[in-house]
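A.B. asks: pasting a predicted model and its sequence here:
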Amino acid sequence: MQDRIWELFVELRKELLESQRIRAQVIGIKITFVTTAMGVIIEGIARLEFSFALLVIPAIAAVFFDFLIYSYSFSIKRIGAYTREHIEPALAESGQVPEGYVQWQAYLTQPKTRQTLALYGNLGLTSLAIVSAVVSLVVLYDPKISIPLLLVLGLSAALDVIAYRTPRRLGKLWQDVDGH
């Protein structure tokens, strides 16, 4: 039975690493797309070829990228919670773990191991894109264009915040992982 538990642990670790790799790639694609799109649009605006309203595109795209990033983050946390709640206790009960040894997932739940800088960076880029779009729509106000796009931006920003907060409301799984 212990061999089966260890095999499951190894397979979950592989899945976790793959999810982390994909999440990092999505973050890289987001940064590249949003900054490049904003640069191209601003250059087009300077040449009077594009409208400021086009700055809404990278802002909304940033929100959609955030949804993907949150999805992978939740998957990673779910694997960690399962490992901490089921696999690590089974390994400890088997006598394969020295008494008093803090296992990895338990260690990660300690306040001293938490970091949120990546999250702030991710949300910061999205916020910059949204603020740039809002400012451009307000400065060059045209009710026919600005009002609908401001509503879309506001809805997108609200959905981003809800998506960020939703896993926290899923109950014990997230509480165990985040310690809240």
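C.D. replies: Alright, I've got the coordinates.
A.B. asks: and the helix or strand harbouring residue 121, what does it pack onto?
C.D. replies: Assigned by DSSP states H and E, residue 121 belongs to helix 117-139. If contacts are counted by 3 or more Cβ pairs under 8 Å, 6 or more residues apart in numbering; DSSP states H and E, helix 117-139 sits against helix 2-46, helix 56-82, helix 143-165. For glycine as for every other residue, the C-beta is placed from the backbone atoms N, C-alpha and C.
A.B. asks: could you check the pLDDT of the residue nearest to residue 52 when sequence neighbours are not counted?
C.D. replies: Of all residues not flanking residue 52 in the chain, residue 136 sits nearest, at 3.6 Å (Cβ to Cβ, 6 or more residues apart in numbering). pLDDT recorded at residue 136 is 91.
A.B. asks: now swap in residue 61 and tell me
C.D. replies: 96.
A.B. asks: in contact with it, which residues?
C.D. replies: By Cβ atoms under 8 Å, 6 or more residues apart in numbering, the residues touching residue 61 are 30, 33, 34, 37, 129.
A.B. asks: before we move on, back to that, and the helices and strands packed on helix 117-139, which is most packed in?
C.D. replies: helix 56-82 (a mean of 20; mean count of other Cβ atoms under 10 Å).
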